[in-house]
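**Student:** A structural model of the following input is requested.
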Amino acid sequence: MSRLNVIVLVLVSFVAGLASQAWLVREVSAQGTLTQLKHVDLGEWCPGKEVTISIEAITPQHQSKHYHNAYSFAWMMEGAQTRMVTGKPVESFKVGDVVEEAPKEVSESDILEPIRVLLFRIAEKGKPLTVRSQ
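**Tutor:** Modelled structure (predicted):
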């Protein structure tokens, strides 16, 4: 699978997700609201992987240590946050920034003001997207 094929699939999935808002799935958790725009099983093209595109709204809070079973990309639509990863400098994000998280990279965050982020994830199929850790 070439890098160009992956990029094309990502872009097509993103556009399809935005175009299909009639089939939104909302999930409410203690952290906020997650609105799923698109979920695509990559099938034989990329075995064991799936793509999710969603919008997440989170109120000000501290998010304890956690990781994602995915490459995660979050575009900050509203708000501000800081992110802490052991051994790395604290990162601050504001409107317009794009946050990248590697699979299973343990981090914690402080949501400084209400945020809304557009999330794009390439995940391990069948595994939870977010896992709390100690």
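**Student:** from here on, contacts and neighbour counts on C-alpha atoms
**Tutor:** Will do.
**Student:** Go ahead and flag the most central residue of this structure.
**Tutor:** L119 (3.8 Å; C-alpha atoms, centre = their mean).
**Student:** got a pLDDT number for that residue?
**Tutor:** L119 is assigned a pLDDT of 95 by the prediction.
**Student:** so what's it bridging to?
**Tutor:** Beta bridges link L119 to S54, A74, judged by DSSP bridges.
**Student:** going forward, begin numbering at 51 instead of 1
**Tutor:** Yes, from this point I'll number from 51; that puts the last item at L169.
**Student:** ok, then the element right after the helix or strand of the chain with the lowest mean pLDDT?
**Tutor:** Ranking every helix and strand in the chain by mean pLDDT, DSSP states H and E puts strand 75-78 at the bottom, with a mean of 43. Heading C-terminal from strand 75-78, the first helix or strand you meet, by DSSP states H and E, is strand 82-91.
**Student:** Tell me the confidence at L179?
**Tutor:** pLDDT, the model's per-residue confidence, is 87 for L179.
**Student:** repeat for the one 4 residues further on
**Tutor:** Per-residue confidence for S183 comes out at a pLDDT of 85.
**Student:** How about W95?
**Tutor:** In this prediction, W95 has a pLDDT value of 88.
**Student:** for it, phi and psi?
**Tutor:** With angles defined as degrees, to the nearest 10, W95 shows backbone torsions of phi -70, psi -40.
**Student:** State the distance from it to S52.
**Tutor:** 11 Å (C-alpha to C-alpha, to the nearest Å).
**Student:** what does S122 give?
**Tutor:** Relative to S52, S122 is positioned 20 Å away (C-alpha to C-alpha).
**Student:** okay, these two: which has more neighbours?
**Tutor:** Under the neighbour definition other C-alpha atoms under 10 Å, S122 and S52 were set side by side, and S122 has more, 19 against 6.
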